[in-house]
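# quick one, structure for this:
(2 chains)
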Number of protein chains: 2
Amino acid sequence: MIRKYTYGHPFLTDAVVRKIQEETGKPVYLEETEETDQLLFTYRMKETDLVYGLGESVRGINKRGWIYESYCTDESHHHENTSALYAAHNFLIIKGAQTFGIFIDYPGKVTFDIGYTYMDQLQIIVEDKNLDLYVIEAQSLREIVREFRELIGRSYIPPKWAFGYQQSRWGYKNETDIRKIAAEHRENHLPLDSIYLDIDYMERYKDFTIDKERFQDFSSLVKEMKEQHIHLVPIIDAGVKIEPGYFMYEEGVKNGYFCKDANGEEFVAGVWPGKVHFPDFLSSEVRQWFGNQYAILLDMGIEGFWNDMNEPAIFYAQDRLEQVLEKAGRFQGENLDIDKFFGFQSMVGNLCNNREDHKKFYHETEIGKVRHDKIHNLYGYNMTRAAGAAFDRLRPDKRILMFSRSSYIGMHRYGGIWTGDNKSWWQHMLLNLKMMPSLNMVGILYTGADIGGFSQNTTEDLLMRWIQAAMFFPLMRNHSEMHSREQEICRFMHVKEFRNFLEIRYGMIPYIYSEYMKAALSNDMYVQPLAFVYPEDKFVQQVEDQLMVGESLMIAPICEQNATGRYVYLPEEMAMIRFRSLHDYDVEILFKGHHYVQAGLYEMLVFLRPDKILLLGEGGEAVQEIKTEKIKAIAYVKEGASYNWYDDDGESKDYENPENYSRLTVDIDGSWAYQGKELKTFVIEKL
Amino acid sequence: MIRKYTYGHPFLTDAVVRKIQEETGKPVYLEETEETDQLLFTYRMKETDLVYGLGESVRGINKRGWIYESYCTDESHHHENTSALYAAHNFLIIKGAQTFGIFIDYPGKVTFDIGYTYMDQLQIIVEDKNLDLYVIEAQSLREIVREFRELIGRSYIPPKWAFGYQQSRWGYKNETDIRKIAAEHRENHLPLDSIYLDIDYMERYKDFTIDKERFQDFSSLVKEMKEQHIHLVPIIDAGVKIEPGYFMYEEGVKNGYFCKDANGEEFVAGVWPGKVHFPDFLSSEVRQWFGNQYAILLDMGIEGFWNDMNEPAIFYAQDRLEQVLEKAGRFQGENLDIDKFFGFQSMVGNLCNNREDHKKFYHETEIGKVRHDKIHNLYGYNMTRAAGAAFDRLRPDKRILMFSRSSYIGMHRYGGIWTGDNKSWWQHMLLNLKMMPSLNMVGILYTGADIGGFSQNTTEDLLMRWIQAAMFFPLMRNHSEMHSREQEICRFMHVKEFRNFLEIRYGMIPYIYSEYMKAALSNDMYVQPLAFVYPEDKFVQQVEDQLMVGESLMIAPICEQNATGRYVYLPEEMAMIRFRSLHDYDVEILFKGHHYVQAGLYEMLVFLRPDKILLLGEGGEAVQEIKTEKIKAIAYVKEGASYNWYDDDGESKDYENPENYSRLTVDIDGSWAYQGKELKTFVIEKL
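This is a model prediction of the structure:
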């Protein structure tokens, strides 16, 4: 059951797709306090209450014990004490004495103090008095999520090739670089489905342009790569370069498509291209205009994109930079004392992503001019919505890969996200793991972190473990920044072992894809905390580094350097499969409870639930090479196992076709039965 | 056995105190490569080899898998990818196919690539060809450490009161602040032995001055606090403020005591006081001069100090600042492109602790003028040596508390260290734990981290867990920075529970002090990795978050938010004591092997080895109030337990007096016998 409470006149975010009748009284569960400029909602937590949610954020699956901000921020240096990340996902579930979900549909800053100031208090501070508050009740945590997900609409579905391994690095500069990456993967038989184009493919970082010197024949390169079953995926940035003659700039200025300052002048910020204007993505006309530009690249054969810098990231606001330089000039020759020195240094440091700059520009909306900070969290969302809606117009029958850095709830209908710029830290691998179920709660299923870490220097063992950890995550991309150690697999000693794990990934894709699609089509979660699947088990609430993946599997990646094993908790008897390669694995049945299990650096553990089935294909070097006519079905059969298998062509949108579903059952004696449109042969491995 | 290899003409660091005959040939174990400007030592590691050592550094107890730099650096933002911290401790133990220790006695930059570039290679790169290399062989890891520790001399011994709980914050500004902190601890019966004075007690940050406005009668305040059994511990910074009329400045200039630039002018850097000169601590005359100044504060009743900023930290070098401001001035009015903008920002960011500035000043040494970067790692060491040697002259019969931020091996004879500015991160609590045994290996026994975290905002549960984790660490100080959340215990909800754990600490001090003293006096480790105590147990090599403390105990702190228990490995059968307070605990005998054990936020686990004894006193609100005439002895007696108990007056230096030692034995039937000078009564708790 969903209750909606409306305060004042909320800005229409289009986060929800279902109309809910407003309640008239005070909200259930929460104590509401009105302050001068804000609304405060308080809930007193029992010591054993848990809190789930918040999508992309720091810390644990259980969010208790910290203060989080929903205010989309370009924050690559994030760590435990960070409050705001790239996205804003205002959904929480309180689990305990009372269990319910909350969604705050407000597009400006919202603070979630979950036992930080007072250990027993949840405080939600909304910096405005215009918002929609939804309270969701259901029989279970999973049902609360399902109710919420029905409210916000179906999750984005990417093409099937986007489940392959993907290689990216800020620093691939030209056709030669791209060909080299493709070749070294193909020559080493390292499965690969795409190579990313970071900002350097563009002409001076201008959206929807190609640098002609470095990419002399872009369409041919796209085609050449596609012949190798590799997709090129270009980046699109939010800001449009100020450059007379550049069509985006000219059209945008002419039609008034850019955000303006208080004086009605186009707001100027510095980003990659130097000075830019920001398209006013809150306007449907601007979205249509910007979205249509993707056709330029689609027409060159491109089938996927990533939208970046769309919090929006601002390296500097032009007026602030001028002030800072002017002040710096005055310091010259002056005898700076230590306070002035630090003042100077922080003034320069604070040029980047200064929130005060968000108060300097405006959006034209249906309710008139709105200052950016008031709707800040909708910016990246609407950039990606512009793209998603355009793809539906431009390529109505074809799925296009799209994921974004910034997001708000609602954007999950148009694309996935990656979890933003991270670091080559074991700690960030663990964070990657913990974010996955929270993101699934808010409808973001197509997601993953930069494997190996984006900035700073990775190590070979970190990359090895991270690939194992990200094995089941839909977006599986190795991405790194220019100034860091190169981290393509071929840069390291154990190429063979890396290959083994990529081959396992491709062998798992029939299962991964099936589970992803079923979750997306039924508003369910693809990755879940153990507590969502085993609500009667009190211990699983403590488990922060194991996840349920689809209906059959539990994973427990190793996230610690030099570890050759780990502790794992089994909420029921399971079959532990220790993979060394797609064909080399051993199996052990482990009882319910605590275990220490071995897994050396070149071994990966997967836990199969009883009477569930893991489909294991033969893999391939690209998703389109995967064959599924003959497939292995691994099951630990106690009473009889079954699996509902979803599959489709991976490209078109006929999701609801009942022929996409088939059903495999395996009896206690190992005999199997299959119902489905196509003929399939199964090799049953009964554990 | 220790082998010494001398290359070229090493700078005399005084790290070692024992004369070793030089070998003539090439070093054992290592492959030596001479390059143009450096020497490279390589060792090929087997996959199962472990590497211990490096004292203060990031990552695990097992140092494999990262590249570390010995180059003392003011690095409060340290995390997994940091290479250099505040100290330089060039000691390693390789354990595996071959087991041996290495000490590189070279005072400039040394790089330890321990399987980072190539997973199977240890590479030590010394940026010079003048050094002493020691290779140490012995029967066990512990014996290798003992051999090394004999080589470098006995560890510093603080007064006993320094084992009490200590409260610090950058931001206590005046007498009122100090009295408030004292009062709120005493009124709440929170044990406390000292309050720290950070930089604000000084007159404009000038060493050996007192701000007369904020501390009108400093000596009386010291006395008043001492009557409450609280010691005030002032900070001393490395840099001396340039201020005509200030005695330190005048004397230093007059006698040529400051480091000079290439032109023979005093080098100017910006630190807390604004512009400063750096005393040339490498000169024994300067050390004597600087050390003598501590008498100013000793004479006011002060009995302890901490030496800070002595890497030395440099906020800016005057000439670089002038260049930067000049360049910034030129940018004014110019249309900055994005490269120039980032150039400007990094130029300003790089003002702080820029290593190039270390090439701008010199030391006068016995072998003539030496450029600072060549002996950089000796600077903080020699500042603290100046203090330690002065204390021996000024207060020959009394122990003075002294610890430093920067250090090099050798400094451990003159003082302890704290592990520098850290963060309010669970991750840094874990790092604190992992550093402890590594620091013990290099002779630094009196050490601890800033409990609760120095910068950023702590949480109540983090502080609670950190106090539990630091329970057995000699230096137990809650320290935080001005701009962070206040983290004195009284700022939180659960003062009673915090008090419980401080009471446990004070109850444990008889054991802690005894174990500390025995370790210091026998060149042994007070805190050890499990692998040092159970060499026959292969699993313990994996254990990174449990430690052996003294001869009787193992600890396994909880370092994860919201966890109400943890996994623990027992290398032998042990008694697990779950403390809620000094008098409220339960005991469980656990078998050798893996366990998941419960410990809620207000519970702390201690593991007692069989036939070993834990002494538990009645505590007190200050160390000098602790009574030891009647004491509880807890033992899990299997065959008969015994304990060698060291105790002394905690102030004087009669360490070798046999009367400091007594011996308690407990029979299987619970009867006990005691041999010692003083009469003691024991309450035996036989588990």
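
# so whichever residue of chain A sits closest to chain B versus residue A:336, what's the distance?
Closest to chain B within chain A is residue A:328: 3.7 Å, counting by C-beta to the nearest C-beta. Yep, even glycine has a C-beta here, placed from its N, CA and C like the rest. Separation of residue A:328 from residue A:336 (C-beta to C-beta, to the nearest Å): 11 Å.

# residue A:605 now?
From residue A:605 over to residue A:336 (counting by C-beta to C-beta), the distance is 57 Å.

# what about the two, which has more around it?
The residue with more neighbours, out of residue A:605 and residue A:336, is residue A:605; 23 against 20, by other C-beta atoms under 10 Å in any protein chain shown.

# that one against residue A:595, yeah?
No - with contact defined as C-beta atoms under 8 Å, residue A:605 does not reach residue A:595; the gap is 10.4 Å.

# roughly how far apart are residue A:539 and residue A:608?
Residue A:539 is 20 Å from residue A:608, where distance means C-beta to C-beta.

# ok, those two, which is more surrounded?
Using other C-beta under 10 Å, the more surrounded residue of residue A:539 and residue A:608 is residue A:608, with 22 against 16.

# contacting residues for the more buried one?
A:552, A:553, A:574, A:575, A:576, A:577, A:614, A:634, A:635, A:636, A:687 (C-beta atoms under 8 Å, 6 or more residues apart in numbering or on different chains).

# 10 Å instead?
By C-beta atoms under 10 Å, 6 or more residues apart in numbering or on different chains, the residues touching residue A:608 are A:552-554, A:574-577, A:587, A:589, A:614, A:634-636, A:641, A:687.

# wait, residue A:658 touches residue A:644, no?
No - if you go by C-beta atoms under 10 Å, residue A:658 and residue A:644 don't touch, sitting 11.5 Å apart.

# of the two, who's got more company?
Under the criterion of other C-beta under 10 Å, the comparison of residue A:658 against residue A:644 puts residue A:644 first, with 14 against 7.

# returning to what we had before: identify the contacts common to residue A:605 and residue A:595.
A:556, A:565, A:566, A:568, A:576, A:588.

# farthest pair in those residues?
The largest distance within the shared contacts of residue A:605 and residue A:595, taken as C-beta to C-beta, falls between A:566 and A:588 and amounts to 14.7 Å.

# higher neighbour count, the two?
Counted by other C-beta under 10 Å, residue A:566 and residue A:588 do not tie: residue A:566 has more neighbours, with 20 against 13.

# quick check: the more buried one is in a helix.
No - membership of residue A:566 in a helix is not supported by DSSP: H, G, I helix; E, B strand; the rest coil, which gives strand.

# and the nearest residue to it once chain neighbours are set aside, how many neighbours?
Using C-beta to C-beta, 6 or more residues apart in numbering or on different chains and skipping the chain neighbours, the partner closest in space to residue A:566 is residue A:558 (5.2 Å). When neighbours are defined as other C-beta under 10 Å, residue A:558 has 25 of them.

# next up, the contacts around residue A:558.
Taking C-beta under 10 Å, 6+ apart, one finds A:426, A:429, A:461, A:464-465, A:468-469, A:545, A:564-566, A:597, A:599-601, A:603-605 in contact with residue A:558.

# can you check residue A:464 too?
Going by C-beta under 10 Å, 6+ apart, residue A:464 touches A:452, A:489, A:492, A:494, A:497, A:498, A:501, A:558, A:601, A:602, A:604, B:119.

# mind listing which of those are in helices?
A:497, A:498, A:501 (DSSP state H).

# how about the residues of the stretch 401-550 of chain A by chain B?
Applying C-beta under 10 Å from any C-beta of the partner chain, we find that the stretch 401-550 of chain A lies next to chain B at A:423-428, A:430, A:453, A:455-462, A:464, A:484-485, A:492-494, A:539, A:541-542, A:544-545.

# buried members of those into PyMOL, please.
Here is the PyMOL command that selects only those of these that count as buried (16 or more other C-beta atoms under 10 Å in any protein chain shown):
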select buried, chain A and resi 423+424+425+426+427+428+430+453+455+456+457+458+459+460+461+462+464+484+485+492+494+539+541+542+544+545
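
# just to revisit the earlier point, quick one: common contacting residues for residue A:328 and residue A:336?
A:344, B:325.

# per-residue pLDDT, the residue nearest to residue A:626 when sequence neighbours are not counted?
Excluding its sequence neighbours, the residue lying closest to residue A:626 (C-beta to C-beta, 6+ apart) is residue A:620, at 4.6 Å. With respect to pLDDT, residue A:620 scores 95.

# give me the neighbour count for residue A:620.
Neighbours of residue A:620 (other C-beta under 10 Å): 18.

# with the one 10 residues further on instead?
For residue A:630, the number of neighbouring residues by other C-beta under 10 Å comes to 11.

# picking that back up, is the residue of chain A closest to chain B located within a helix, as I assumed?
Yes - assessed by three-state DSSP, residue A:328 belongs to a helix.

# do a quick rundown of the helices in the stretch 301-450 of chain A.
A:318-331, A:338-349, A:372-375, A:379-394, A:426-441 (DSSP state H, counting those that start in this stretch).

# and the last one, C-alpha only, in PDB?
In other words, helix A:426-441. The C-alpha trace of helix A:426-441 is given here as PDB (Å, rounded to 0.1, in the frame of the first residue of the first chain):
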ATOM      1  CA  TRP A 426      40.000  -2.600  -2.300                       C
ATOM      2  CA  GLN A 427      37.700  -0.400  -0.200                       C
ATOM      3  CA  HIS A 428      36.000   0.800  -3.400                       C
ATOM      4  CA  MET A 429      35.600  -2.700  -4.600                       C
ATOM      5  CA  LEU A 430      33.700  -3.500  -1.400                       C
ATOM      6  CA  LEU A 431      31.700  -0.300  -1.900                       C
ATOM      7  CA  ASN A 432      30.800  -1.400  -5.400                       C
ATOM      8  CA  LEU A 433      29.400  -4.600  -3.900                       C
ATOM      9  CA  LYS A 434      27.400  -2.800  -1.200                       C
ATOM     10  CA  MET A 435      25.900  -0.300  -3.600                       C
ATOM     11  CA  MET A 436      24.500  -2.900  -6.000                       C
ATOM     12  CA  PRO A 437      21.400  -4.000  -4.000                       C
ATOM     13  CA  SER A 438      20.700  -0.400  -3.000                       C
ATOM     14  CA  LEU A 439      20.700   0.600  -6.600                       C
ATOM     15  CA  ASN A 440      18.400  -2.300  -7.500                       C
ATOM     16  CA  MET A 441      15.900  -1.000  -4.900                       C
END
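
# quick one: contacts for residue A:265?
Contact partners of residue A:265, counting by C-beta under 10 Å, 6+ apart, are A:258, A:361.

# cool, and residue A:318?
Residue A:318 touches A:242, A:261, A:267, A:268, A:269, A:270, A:275, A:276, A:357, A:360, B:335, B:336, counting by C-beta under 10 Å, 6+ apart.

# ok, it to residue B:488 distance?
In this view, residue A:318 and residue B:488 are 44 Å apart by C-beta to C-beta.

# same check on residue A:91?
Distance from residue A:91 to residue B:488, counting by C-beta to C-beta: 36 Å.

# which of these two has more residues huddled nearby?
Between residue A:91 and residue B:488, counted using other C-beta under 10 Å, the more crowded position is residue A:91 (27 against 19).

# what about that one, distance to residue A:149?
Separation of residue A:91 from residue A:149 (C-beta to C-beta) stands at 10 Å.

# which residues do the two both contact?
Common neighbours of residue A:91 and residue A:149 (C-beta under 10 Å, 6+ apart) are A:441, A:442, A:443.

# hmm, back to that, got a markdown table for the contacts of residue A:464, with pLDDT and distance to residue A:110 too?
As requested, the contacts of residue A:464 are exported to a markdown table (pLDDT from 0 to 100; distance: C-beta to C-beta, whole Å):
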| residue | pLDDT | distance to residue A:110 |
| --- | --- | --- |
| A:452 | 98 | 33 |
| A:489 | 98 | 41 |
| A:492 | 98 | 43 |
| A:494 | 98 | 45 |
| A:497 | 98 | 45 |
| A:498 | 98 | 42 |
| A:501 | 98 | 39 |
| A:558 | 98 | 36 |
| A:601 | 98 | 42 |
| A:602 | 98 | 44 |
| A:604 | 98 | 39 |
| B:119 | 98 | 45 |
